[in-house]
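Peer 1: Sequence first, predicted coordinates after that:
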Amino acid sequence: MPKPINLIVACAENRVIGRQGRLPWSIPEDLAHFHRLTAGQVVVLGRVCYETWPKVRSDGRQPVVISRQTELAQPGVHVAASVPAALAIAQDLPGEIMVCGGQRIYEETLPIADRIYLTLVHAQVPGDTWFPDWRHLDWRETERRESADENFRFTFSTLERKRR
Ligand SMILES: NC(=O)c1ccc[n+]([C@@H]2O[C@H](COP(=O)([O-])OP(=O)(O)OC[C@H]3O[C@@H](n4cnc5c(N)ncnc54)[C@H](OP(=O)(O)O)[C@@H]3O)[C@@H](O)[C@H]2O)c1
């Protein structure tokens, strides 16, 4: 039985997730949520995300980096040249599979995702990377929590794909 594919993302109302290689906001509560949910798990992520997360291996995370640069591989860091190859490696490692982006990786995995840990940031934000549209697909919200800080209102949702 394959392990479920979980996506974890913080996304603005206009689906922006990034700007100039960084997050387009600083939301400490969301960062803590992201770190808590990915600790000890298999994190599947693109090369840019990997390079901007120097402490990815802390808290027992096992990165599977998607890149054509195989030389990025080192003990404890797996590298795959495609999303299917990364997911095959992730299936064989212990821990949940958490797909952490960026854009193309979310686009390729959304159609097969079983769950999305979504932080919806209630703002229209300028940016250059986007999460694909998920709203038209059939999801059941199993958890929901509203929160806010001095800059943003945001909702933490867990969306499970409805299976027929
Ligand atoms: N808000 C959020 O939750 C969230 C989450 C993730 C990322 N972000 C933001 O998004 C931006 C980074 O994402 P990004 O989309 O620009 O970059 P990315 O996916 O992290 O990295 C892009 C690189 O990954 C490799 N890659 C990606 N898709 C591939 C595929 N299908 N097959 C083979 N290789 C693939 C390529 O690496 P090589 O060039 O090495 O071959 C590509 O140049 C940043 O601004 C970041 O802050 C936000």
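Peer 2: Cool, the structure landed.

Peer 1: Does residue 143 touch residue 156 like I think?
Peer 2: Yes: using Cβ atoms under 8 Å, residue 143 is in contact with residue 156, at 7.3 Å. For glycine as for every other residue, the C-beta is placed from the backbone atoms N, C-alpha and C.

Peer 1: so where do the helices sit in the protein?
Peer 2: Under the criterion DSSP state H, the chain contains helices at 28-38, 47-51, 83-92, 103-109.

Peer 1: As CSV, the ones you listed with mean neighbour count, mean pLDDT and distance to the ligand would be great.
Peer 2: Putting the helices of the chain into CSV (neighbours: other Cβ atoms under 10 Å; pLDDT from 0 to 100; distance: least, Cβ to the nearest ligand atom, whole Å) gives the following:
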stretch, mean neighbour count, mean pLDDT, distance to the ligand
helix 28-38, 15, 98, 7
helix 47-51, 17, 97, 3
helix 83-92, 17, 98, 5
helix 103-109, 18, 98, 4
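
Peer 1: closest one to residue 117 among the ones you listed?
Peer 2: In terms of Cβ to Cβ, the element of the helices of the chain nearest to residue 117 is helix 28-38, at 5.8 Å.

Peer 1: which helices and strands sit right next to that closest one?
Peer 2: Counting contacts by 3 or more Cβ pairs under 8 Å, 6 or more residues apart in numbering; DSSP states H and E, helix 28-38 packs against strand 5-12, strand 115-121, strand 153-161.
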